[in-house]
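Asker: Turn this into a model:
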Amino acid sequence: MANLSISKEKTIRLILQYLETNDFYRSVIEVEKDTKIRLRKYGKEIDFFYDLITDGRFDDAEIFITPLQERSIKDYEKVLFSIKKSKFLETLETSIDPKLDDLTKLIKDIETISSKEDFDHLCQILSMNKLADHPDYADWDIWKGRLNCFNECLLNLSEIYPILLDELPKTTLIELLGNLEDEQVSEECASVRISKESESQETASYKTSQNILEKMSGKPELALAISINSPVSRKKSKKVSFVAVADNDENSEDESKKFIIDELDPDSPGDEHSLSEYSPEPAKNTAQDLMNNFSPASLKEVARIEDSKPIRCSVFNVTGDYFALGTNTNSIRVCSMHNIVDGLMYDEHQGREQYIDVVFELRRPFIGSVYCIDWSRSESQIAAGYSDKNIRILHCPDFLTLQETQSQTVLYEEGKFLTGDGELPEIRETLLQGHQDIVRTVCFNPTDDSILLSGGNNEGDIKIWNTETSQCIQRLQGHKGSIFQIAAEGKGSYFVSVGTDRTLKLWDIRSNKCQMSILGESYAEMTSVALINSTAQLRTETKDKIANIFLKRSTNTTPQAPKQNLAAVGHADGMVTLWDINAGKLFNKYSYHLAECRGVDFSADRKWLVSCSFDRSIKVLDMANGTTYRLEYHDDRVVSVRWHPYLPILVSTSADKTARIFCP
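Answerer: Sure, this is the predicted structure:
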């Protein structure tokens, strides 16, 4: 820093101040690391502690605060609680596969050092599928969480370490930019200028922080210039509904789709709240409670998406905030579930419209229909198999940013955006070539996004791809005829596949071998398969166990789901069979469909199995007693159905050119 001019350091600190004021917490931390210049300097010891927390080195931070234990056990426990709480939140929220033992040990440690109120608050979070479901953490992310943790610890650390907080710059970035005389520089900086309204808000925030500093000038250890914990209103989805209008001519080659856009009145009472007025209501429902109280009789259609041709397939992302559709109009649509989920979790659906926000659409004219689709566990890739024998990987842009910044669906076709305002993300795709016929199924490895399994028509081998190199790296041979579907065990320990040879095969891709082959020769061709211990079930099981332990819930209030490792299989004659993977034999069978069963899926709590059929029906099976409930909403063959990852919500797709959402 010695070789930097004062003006350059001041400029960087102004940029840091601007980033913090506008909630770009990750950028603050990254810029500080890259430039070696801090927004605030607290002294050697506290600066080191700041680095530990912002790097996520929580174990090292615990060692660092050990001297505080001898000085003040009360302050020590407060700091330790903040550190362990942040570690717990990150582990729970960001881990692809949160380990029950690790989380249990961590929260037990927290219980010994926290107040009953703080511990109960943390347990409330445990009962939710993701942190954003809790109103206090609606806008939480790792970087804001770490800065929150540091600020919570700072006051108590003053007991053992001197805090020498230097003053913030006495100007703002906006004022600095306004004083630049070079017109060329001004033009280059125009893109980062903010509106007058935003400028006044930033200036007010800065002046407020300076007033706080002045009032606390006699207590430097309390001088926290800008509080990261100030109330922030929860970001809301655009209230725009999209309904595709089918072309009159079904054989038309014009693949363009028209949308009716119904934008709700942004000035309606209650839509906007100032920061000072914002006071979040506690969540009214938890995912576990909603699943425990679920009855198929309560399911009803709440929203739909229409197209000009059949919609073949769908998939949710891991968090359940979005789902993707594959269509016969050669497109992939990414749709937001925020409105539906909020309506169910917070009872906000009463008296208001339920809608699906179509955030992004990737069009591929003249390429072929999308037959199958899967979303990687890290949510970074969507894989789609096409009728042109190829697989295409979409490297996902930030769909939440698109949803919040765009007033209409962002359409992307042939390497360019057809709609969209302002700065739009780079769209990156990968092409996988090697199938000889229609690609019927794609399935990501739950533990490795770079590994994708696929199967196709008239091909007896399963192909394993490296999505980073676009190369087929393995072939699993054993099937005869077409492979209709592949499903993954939640930890990637094994995969199962079914096809026209009426055989259910279990594969270990690490050894490149078939571990088990179950022949169902007395049944019709196998058209679909689902495992009862997939990613959604394992995540739900882990979180429910923790919630039951620490919320002192009874585990005997509802019927228990089967403990076997079951595979559900749909057949060409409409039958649904259940197979015990451990024993390698039939567990049960059901004949409640009148035509081909094309989709099966287990609910997150394993208590329900949903299936769909060419007889236009969707059936929900109670795994505890074998009773079924029938949904008849579609006007043509139903070709896929999926459970939401943690809520009693279904999405189905059909030859009637619709995708429909069902929830209580």
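
Asker: By mean pLDDT, flag the weakest helix or strand of this structure.
Answerer: None of the helices or strands of the chain scores lower by mean pLDDT, DSSP states H and E than strand 258-263, at a mean of 30.

Asker: ok, V600 - contacts?
Answerer: Contact analysis of V600 by Cβ atoms under 8 Å, 6 or more residues apart in numbering lists 528-530, 568-570, 576, 609-611, 641. C-beta coordinates here come from the backbone N, C-alpha and C atoms, glycine included.

Asker: mind redoing it with 10 Å?
Answerer: Neighbouring residues of V600 by Cβ atoms under 10 Å, 6 or more residues apart in numbering: 485, 487, 527-531, 567-570, 576-578, 609-612, 619, 621, 640-641.

Asker: how distant is stretch 133-140 from the center of its chain?
Answerer: In terms of Cα atoms, centre = their mean, to the nearest Å, the centre of stretch 133-140 is set 14 Å apart from its chain centre.

Asker: With stretch 416-424 instead?
Answerer: So, by Cα atoms, centre = their mean, the centroid of stretch 416-424 is 23 Å from its chain's centroid.

Asker: thought L103 was touching R539?
Answerer: No. L103 lies out of contact with R539 (Cβ atoms under 10 Å); the separation is 11.8 Å.

Asker: so where is the stretch 301-450 of the chain shaky, pLDDT-wise?
Answerer: Per-residue confidence of the stretch 301-450 of the chain (counting by pLDDT under 70) places the weak regions at 347-353.

Asker: helix/strand/coil for Q17?
Answerer: For Q17, the assignment made with DSSP: H, G, I helix; E, B strand; the rest coil gives helix.

Asker: Would you mind confirming that it makes contact with L39?
Answerer: Yes. At 6.2 Å, Q17 counts as touching L39 under the criterion of Cβ under 10 Å.

Asker: out of these two, which sits in the busier spot?
Answerer: Taking neighbours as other Cβ atoms under 10 Å, Q17 and L39 compare with Q17 leading, 24 against 20.

Asker: Show the pLDDT at the more buried one.
Answerer: At Q17, the predicted lDDT confidence score is 87.

Asker: where's the residue lying closest to Q69 once chain neighbours are set aside, which helix or strand?
Answerer: The shortest distance from Q69 to any non-neighbouring residue, by Cβ to Cβ, 6 or more residues apart in numbering, is to Y76 (4.3 Å). Using DSSP states H and E, Y76 sits in helix 73-94.

Asker: and what of L103?
Answerer: helix 100-113.

Asker: Kindly report the same for R13.
Answerer: With DSSP H and E as the test, R13 turns up in helix 6-21.

Asker: tell me the angle the helix or strand just after that helix makes with helix 6-21.
Answerer: As assigned by DSSP H and E, the chain's next helix or strand after helix 6-21 is helix 25-35. Using axes from the mean of the first three to the mean of the last three Cα atoms, to 10 degrees, the inter-axis angle of helix 25-35 relative to helix 6-21 is 160 degrees.

Asker: Show me which positions of the very next helix or strand once past helix 25-35 end up buried.
Answerer: Following helix 25-35 in sequence order, the next helix or strand is helix 44-54 (DSSP H and E). Residues of helix 44-54 classed as buried by neighbour count (16 or more other Cβ atoms under 10 Å): 46, 49-54.

Asker: Show me what the mean pLDDT comes to for helix 44-54.
Answerer: Average pLDDT, helix 44-54: 90.

Asker: Format the CA atom coordinates belonging to it as PDB.
Answerer: Extracted C-alpha coordinates of helix 44-54, given in PDB (Å, rounded to 0.1, in the frame of the first residue of the first chain):
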ATOM      1  CA  LYS A  44      -3.700  -5.200  13.500                       C
ATOM      2  CA  GLU A  45      -5.500  -7.800  15.600                       C
ATOM      3  CA  ILE A  46      -9.000  -7.000  14.600                       C
ATOM      4  CA  ASP A  47      -8.000  -6.700  10.900                       C
ATOM      5  CA  PHE A  48      -6.700 -10.200  11.100                       C
ATOM      6  CA  PHE A  49      -9.900 -11.500  12.700                       C
ATOM      7  CA  TYR A  50     -11.800  -9.700   9.900                       C
ATOM      8  CA  ASP A  51      -9.800 -11.700   7.400                       C
ATOM      9  CA  LEU A  52     -10.600 -15.000   9.100                       C
ATOM     10  CA  ILE A  53     -14.300 -14.400   9.200                       C
ATOM     11  CA  THR A  54     -14.600 -13.000   5.600                       C
END
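
Asker: packing partners for it?
Answerer: Applying 3 or more Cβ pairs under 10 Å, 6 or more residues apart in numbering; DSSP states H and E, one finds that helix 44-54 makes contact with helix 25-35, helix 58-64, helix 73-94, helix 142-157.

Asker: Nearest to C663, out of those?
Answerer: helix 73-94 (24.1 Å; Cβ to Cβ).

Asker: how about that closest one: buried residues?
Answerer: Judged by neighbour count (16+ other Cβ under 10 Å), helix 73-94 contains these buried residues: 75-93.

Asker: On the three-state scheme, the residue nearest to N588 when sequence neighbours are not counted is what?
Answerer: Nearest residue to N588, sequence neighbours excluded (Cβ to Cβ, 6+ apart): L578, at 4.5 Å. Under the three-state scheme (three-state DSSP), L578 adopts strand.

Asker: what pairs with L578 across the strands?
Answerer: Beta-bridge pairing of L578 under DSSP bridges involves A568, N588.

Asker: My understanding was that it contacts G570; is that so?
Answerer: No. At 11.1 Å, L578 and G570 do not qualify as touching, with contact defined as Cβ under 10 Å.

Asker: which residues of the stretch 451-600 of the chain score low on pLDDT?
Answerer: Ranges of the stretch 451-600 of the chain meeting pLDDT under 70: 546-563.

Asker: all helices for it, in order.
Answerer: 535-550 (DSSP state H, counting those that start in this stretch).

Asker: show me where it has strands.
Answerer: For the stretch 451-600 of the chain, the strands defined by DSSP state E, counting those that start in this stretch cover 461-466, 471-477, 483-488, 495-499, 503-508, 513-519, 526-531, 566-571, 576-580, 585-590, 597-602.

Asker: Would you format those as a markdown table with distance to M337 included?
Answerer: As requested, the strands of the stretch 451-600 of the chain are exported to a markdown table (distance: least, Cβ to Cβ, whole Å):
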| stretch | distance to M337 |
| --- | --- |
| strand 461-466 | 28 |
| strand 471-477 | 34 |
| strand 483-488 | 22 |
| strand 495-499 | 27 |
| strand 503-508 | 32 |
| strand 513-519 | 35 |
| strand 526-531 | 20 |
| strand 566-571 | 24 |
| strand 576-580 | 27 |
| strand 585-590 | 29 |
| strand 597-602 | 16 |
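
Asker: Surely H593 is in contact with S617?
Answerer: Yes. Counting by Cβ under 10 Å, S617 is a contact partner of H593 at 6.8 Å.

Asker: ok so, going back, out of the buried residues of helix 44-54, which one sits closest to G599?
Answerer: The closest of the buried residues of helix 44-54, once distances to G599 are taken by Cβ to Cβ, is T54, at 45.5 Å.

Asker: Now stretch 499-515: buried residues?
Answerer: For stretch 499-515, using 16+ other Cβ under 10 Å, the buried residues are 499-507, 509, 514.

Asker: wait, what's in contact with the residue nearest to R38 when sequence neighbours are not counted?
Answerer: Excluding its sequence neighbours, the residue lying closest to R38 (Cβ to Cβ, 6+ apart) is E32, at 5.4 Å. By Cβ under 10 Å, 6+ apart, E32 lies in contact with 12-13, 16, 19, 38-40, 50-51, 54.

Asker: Could you measure from the residue most central in space within the chain over to Y42?
Answerer: Nearest to the mean C-alpha position of the chain, by Cα atoms, centre = their mean, lies T319 at 3.3 Å. Going from T319 to Y42 by Cβ to Cβ, to the nearest Å gives 36 Å.
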